[in-house]
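Q: take a look and give me a structure for this.
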Amino acid sequence: MIQMIFKILSLAVIIYTFMCFIRIFLSWFPGGLYSPLGRFLTQTCDPYLNKFHFRFLRFSAFDFSPAVALCVLFVVSSICSGIANNQHTTLGRIFAMLVTMIWGIFSSLLVLLMIIILIRLLVLVFSNNSNSYDSIWSQLDRSLSPIIFKISSVFSGGKPVPLKTALILAFIMLFIIWFGGKILIGYLAAIIESLPI
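A: Residues are numbered from 1 along each chain as shown. You can find the predicted model right below:
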């Protein structure tokens with residue numbers, strides 16, 4: 001009986017997670033939230049999503065609060081699924097899942113940022129008209145510059161560097177963080193999961 005309750009609860013959380021994802025996706029399109037589906041999802045999902053709007057989850061033009069909200073739902077779903085499948089759920093396993101989920105979000109954001117940096121670098125190298133003030137690239141530069149120059153300052157010793165150099169240095173630094181973090185989090189999650197709590 002309890003297993004069935006947790007299976008239903010896990011399924012409900014998965015459905016709600018999917019609804020939140022669609023609501024987030026609709027916000028990227030003008031008027032998407034004003035459709036009947038958009039209004040329904042806004043009423044259903046915004047009370048939950050708004051609980052994660054913290055200032056430290058916003059960096060420049062990027063808001064990571066929806067990713068954190070979805071991560072919490074995935075963890076709750078995983079815990080319910082584990083209980084439903086008769087797995088022994090310990091505090092260590094829950095913490096290991098949390099660490100892995102948080103790293104998964106952070107890792108995804110790092111990969112996305114590396115892809116954006118790589119695309120911007122390729123456009124900068126191969127295009128003669130990539131610096132016009134009204135281009136999408138200049139808008140992207142305004143959003144990314146604080147991040148890119150902050151990251152590249154680690155390598156440059158705080159000295160100003162050209163945009164192309166800053167992009168290369170930021171890409172290298174992000175790749176090192178992504179690769180090292182992947183290894184470190186794997187070991188950390190295994191250690192936390194093996195704790196007898």
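Q: show me where the chain has strands.
A: Along the chain, counting by DSSP state E, strands occupy 58-59, 62-63.
Q: lowest average pLDDT across these?
A: When these are compared by mean pLDDT, strand 58-59 comes last with a mean of 68.
Q: pretty sure Val68 contacts Phe52?
A: Yes: at 5.2 Å, Val68 counts as touching Phe52 under the criterion of CB atoms under 8 Å. (C-beta placed from N, C-alpha, C; glycine too.)
Q: what is the least confident helix or strand in the chain?
A: Taking mean pLDDT, DSSP states H and E as the measure, the chain has strand 58-59 as its least confident helix or strand, at a mean of 68.
Q: for Pro196, give me its contacts.
A: Contact partners of Pro196, counting by CB atoms under 8 Å, 6 or more residues apart in numbering, are 90, 92.
Q: ramachandran coordinates for it?
A: The phi and psi torsions at Pro196 (degrees, to the nearest 10) take the values phi -80, psi 40.
Q: quick one: it from Arg93, how far?
A: 11 Å (CB to CB, to the nearest Å).
Q: need the overlap of contacts for the two.
A: What both Pro196 and Arg93 touch, as defined by CB under 8 Å, 6+ apart, is an empty set.
Q: quick one, what contacts Leu113?
A: If a contact means CB under 8 Å, 6+ apart, then Leu113 has 147, 174 as its contacts.
Q: check Phe52 too.
A: Residues in contact with Phe52, defined by CB under 8 Å, 6+ apart, are 65-66, 68-69, 72.
Q: can you redo those residues as JSON lines with neighbour count, pLDDT and distance to Phe175?
A: Formatted as JSON lines, those follow (neighbours: other CB atoms under 10 Å; pLDDT from 0 to 100; distance: CB to CB, whole Å):
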{"residue": "Ser65", "neighbour count": "18", "pLDDT": "82", "distance to Phe175": "26"}
{"residue": "Pro66", "neighbour count": "19", "pLDDT": "85", "distance to Phe175": "25"}
{"residue": "Val68", "neighbour count": "17", "pLDDT": "81", "distance to Phe175": "23"}
{"residue": "Ala69", "neighbour count": "21", "pLDDT": "86", "distance to Phe175": "28"}
{"residue": "Val72", "neighbour count": "17", "pLDDT": "83", "distance to Phe175": "28"}
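Q: closest to Met173 among the residues you listed?
A: Out of the contacts of Phe52, the one with the shortest distance to Met173 is Val68. That distance is 23.2 Å, counting by CB to CB.
Q: any idea how far that closest one is from Pro36?
A: To Pro36, Val68 is 28 Å away according to CB to CB.
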